[in-house]
Every structure is written in structure tokens, then in C-alpha cells.
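Novice: Coordinates for the following, if possible.
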Amino acid sequence: MTMQGKTVLITGASRGIGESAAHIFAEAGANVVLVARGAADIERIAGEIGDKAIAVPCDVADYASVAAAVEKAVQTFGGLDVLINNAGVIEPISHLDASDPEGWGKVIDINLKGVYHGMRAAMPVMEAAGGGTILTISSGAAHGPVEAWSHYCASKAAVNMLTQCVDKEARDKGIRAIGLSPGTVATEMQREIKASGVNPISKLEWSDHIPPEWPAKCLLWMCGPGGDDWLGDEISLRDESIRKAVGLI
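Specialist: Residues are numbered from 1 along each chain as shown. Take a look at the predicted model:
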């Protein structure tokens, strides 16, 4: 899969799936725009990649910040071909009846509004250019309740619907919108889940989680014709047929 000459903006690019995706897309020839609040981390990663990468500090919960990041991508590389909505948080993990309303709301600001902000800023640019791809990290939590994850489950369920809405409104404008449910991934989020000690997911061993390179490679595959069967839908990396198609098994 080649991405030569394409420009990819990745939110939450300072670690985990986002960091892995930055390297994998750059290796495929893409220009990569690394977006995250952690300026030092994305600057380090951009330095590792080289001239094809820029670091843009950004808070996805703030629309103006996201719009400025998209504008920077266009100014630097001449357009935007792929948006990867990866930024997400799970803390504070809490039962609903004891949850902190402010903390609960901040998760919605990042996980849901952050995805909307990315879509809203990127879609006009992509539509004017004749199309583009919007990939969003979803979760099994979008489809079933998980103890103490009401904020996360609600945000991911809504994000799944946003992908469907983009497809409904903009497929005929050349926009390819697809979600990816990666399963449990060996990232800092899993350390936070483990530390909470709540629900069966916190009981999993580190070896039970897939490496972040797996969903990153799947995101690259989704930019090609293999993803066309999933427009407006969600791909599960738990599916062995998907893992085989991506080349993971």
C-alpha cells in the first residue's frame, strides 16, 4: 500500500496507536501531521520521521485549535487526504452514581466532540478536493455497557453514529468514512484500566493485548480498496479474516 504524496492528519499522535500510525503512514510515503496536546512528544516523533512530518500542538476539545491544525496541514503539504480520529481518554473511570460531572464531561469533550471537530474541520477541505478518507477509532464499548465506563461507552457509541452520518451525507462527495474497533491494545490507556481494578477488562494480562502497530497497519489498509466494503461501517480487528487481509496473521 503506497501513500506517496498523500497527507494524513492523526490526532492523539503522541503515543500508542497514533504514534505507531505516524511511523507506518510515513513509511508508506505519506506526509504526516501529528496532532496532540503533548508538544514535546509529537515534536520528538516528527523528528524521528523527518521532513515528511510536522508536529502541531492541539487540543481536540477546542474546535478553533483543530481547525488551525487542518489549516496548517493544507498550508504545509497542499491538502488533506486522510483524517485519523484517534485521540481518546478513559479516565476518570467511575461508577455512574459516583461519577464527577466535570470529569465525565471532559471525556465527552475529547472522545466525542473532538471527533466531531476533526470531521467538521476536514470535510470541507476534502470535499473541495474531490474526496478523502476519515477513519475513527471506535471500540467494542460502543455496542455494549461496561461497568464504570459510562462516559467511554456513551462517547464511543456516539462516535460510531458520527461515522454513519458522515457516510450518509458525504459518500457522494467522495468521503470514505470508516470506524475501527481494535480490541484491547497495549497502550497507556490499558495501564489506567488495569490500575482501576474495575470490570473484567482490568483483569487482563499485558500479554492479552495486541500491539499498537496492529491497528496502525489496519488503518493503512483501510485507506486502500480493502476498506471500500466497510464504508459507513465499523471494522473489528478481533475478526480473524480482517487480520488476515491486513497481513497480521
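Novice: Going by neighbour count, list what's buried in stretch 34-45.
Specialist: 34-38, 41-43, 45 (16 or more other C-beta atoms under 10 Å). Yep, even glycine has a C-beta here, placed from its N, CA and C like the rest.
Novice: which secondary structure elements does the host helix or strand of Val32 contact?
Specialist: Per DSSP states H and E: Val32 is located in strand 31-36. Here strand 31-36 is seen to pack against strand 7-11, helix 16-27, helix 39-49, strand 53-57, helix 63-77 when contacts are counted using 3 or more C-beta pairs under 8 Å, 6 or more residues apart in numbering; DSSP states H and E.
Novice: So which residues make contact with that strand?
Specialist: 5-14, 18, 22, 25-26, 42, 45-46, 49, 52-58, 60, 66, 69, 72-73, 76-77, 80, 87 (C-beta atoms under 8 Å, 6 or more residues apart in numbering).
Novice: again with stretch 117-135
Specialist: The contact list for stretch 117-135 (C-beta under 8 Å, 6+ apart) reads 9, 11, 60-63, 66-67, 69-70, 74, 79-85, 162-163, 166, 170, 173-180, 219, 222-223, 227.
Novice: ok, of the residues you listed, which come out buried?
Specialist: Buried residues within the contacts of stretch 117-135, counting neighbours by 16+ other C-beta under 10 Å: 9, 11, 60-61, 63, 66-67, 69-70, 74, 79-85, 162-163, 166, 170, 175-180, 219, 222-223, 227.
Novice: Return the subset of those lying in strands.
Specialist: 9, 11, 82-85, 175-180 (DSSP state E).
Novice: Tabulate those residues in CSV, adding columns for pLDDT and distance to Val146.
Specialist: Below are those laid out as CSV (pLDDT from 0 to 100; distance: C-beta to C-beta, whole Å):
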residue, pLDDT, distance to Val146
Leu9, 98, 29
Thr11, 98, 23
Val82, 98, 29
Leu83, 98, 27
Ile84, 98, 24
Asn85, 98, 21
Ile175, 98, 30
Arg176, 98, 29
Ala177, 98, 25
Ile178, 98, 23
Gly179, 98, 18
Leu180, 98, 18
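Novice: Let me know the closest of those to Glu192.
Specialist: Of all those, Thr11 has the smallest distance to Glu192: 18.6 Å, by C-beta to C-beta.
Novice: helices and strands of this protein: which one has the lowest mean pLDDT?
Specialist: helix 188-196 (a mean of 93; mean pLDDT, DSSP states H and E).
Novice: quick one, that helix and helix 16-27 angle?
Specialist: Angular relation of helix 188-196 and helix 16-27 on a 0 to 180 degree scale: 170 degrees, by axes from the mean of the first three to the mean of the last three C-alpha atoms, to 10 degrees.
Novice: Report the buried residues of helix 188-196.
Specialist: Quick answer for helix 188-196 (16+ other C-beta under 10 Å): 189-190, 193, 196.
Novice: List the residues that contact the most centrally placed residue in the chain.
Specialist: Closest to where the C-alpha atoms of the chain average out (C-alpha atoms, centre = their mean) is Asn86, at 1.9 Å. Asn86 makes contact with 10-13, 16-18, 21, 137, according to C-beta under 8 Å, 6+ apart.
Novice: Would you reformat those residues as JSON lines and include distance to Asp239?
Specialist: As requested, the contacts of Asn86 are exported to JSON lines (distance: C-beta to C-beta, whole Å):
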{"residue": "Ile10", "distance to Asp239": "23"}
{"residue": "Thr11", "distance to Asp239": "25"}
{"residue": "Gly12", "distance to Asp239": "23"}
{"residue": "Ala13", "distance to Asp239": "26"}
{"residue": "Gly16", "distance to Asp239": "21"}
{"residue": "Ile17", "distance to Asp239": "18"}
{"residue": "Gly18", "distance to Asp239": "22"}
{"residue": "Ala21", "distance to Asp239": "20"}
{"residue": "Ile137", "distance to Asp239": "16"}
